[in-house]
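In: Dropping a prediction and its sequence here:
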Amino acid sequence: QVQLVESGGGLVQAGGSLRLSCEASGRTFSSYHMGWFRQGPGREREFVAAITASGFSTYYANSVKGRFTISRDNAKNTLSLQMNSLKPEDTAVYYCAAENGMKVVAYNPDPYDYWGQGTQVTVSS
């Protein structure tokens, strides 16, 4: 079991920045690929970014590429998402998720085994 707890969400004006964190506890954090997903009002949960178990490779949705940065600290069991140049369409509940590190990094939610409770990000225009 892996327990995940997100923090760092809030209300920000368009063009602003936020940094989300995800603290993991339980089984070995460094054995999991980690991802960030988001779900806006009336929308399906969508991929935002992912990072391999080692932290060597990162992946981004086209909509956030160049604005968001995913990172992890395996020594501290933490995952982060730095979000810059935020837009109103980034408004959503953001979730961190863990996927078995033996698998290929997934861009859809189904292969992820563990999820946090989510943190709300609201970007005003």
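Out: Arrived safely. Because the structure is predicted, anything quoted here is derived from the model rather than measured. Residues are numbered from 1 along each chain as shown.

In: gap between the residue sitting nearest the centre point of the chain and Ala24?
Out: For the chain, the residue nearest the mean C-alpha position is Trp36 (2.1 Å; C-alpha atoms, centre = their mean). Taking C-beta to C-beta, to the nearest Å as the measure, Trp36 and Ala24 are separated by 13 Å. For glycine as for every other residue, the C-beta is placed from the backbone atoms N, C-alpha and C.

In: list the residues that contact both of the two?
Out: Taking C-beta atoms under 8 Å, 6 or more residues apart in numbering as the contact criterion, the common neighbours of Trp36 and Ala24 are Leu79.

In: which one is Ser25 nearest to, not counting chain neighbours?
Out: Gln3 (4.8 Å; C-beta to C-beta, 6 or more residues apart in numbering).

In: Can you tell me the element that neighbour falls in?
Out: For Gln3, the enclosing helix or strand under DSSP states H and E is strand 2-7.

In: Buried residues of that strand, list them for me.
Out: The neighbour-count criterion (16 or more other C-beta atoms under 10 Å) identifies Val2, Leu4, Glu6 as the buried residues of strand 2-7.

In: can you list the residues that contact that strand?
Out: Under the criterion C-beta under 8 Å, 6+ apart, residues 20-27, 29, 32, 94-98, 113-119 lie in contact with strand 2-7.

In: What is the subsequent helix or strand relative to that strand?
Out: Counting by DSSP H and E, the next helix or strand C-terminal to strand 2-7 is strand 10-13.

In: what separates that following strand from the chain centre, distance-wise?
Out: 17 Å (C-alpha atoms, centre = their mean, to the nearest Å).

In: got the angle between the next helix or strand after it and strand 2-7?
Out: Using DSSP H and E, the helix or strand that directly follows strand 10-13 along the chain is strand 18-26. Orientation of strand 18-26 against strand 2-7 (axes from the mean of the first three to the mean of the last three C-alpha atoms, to 10 degrees) gives an angle of 160 degrees.

In: Identify the spatial nearest neighbour of Leu86, chain neighbours not counted.
Out: Val123 (4.6 Å).
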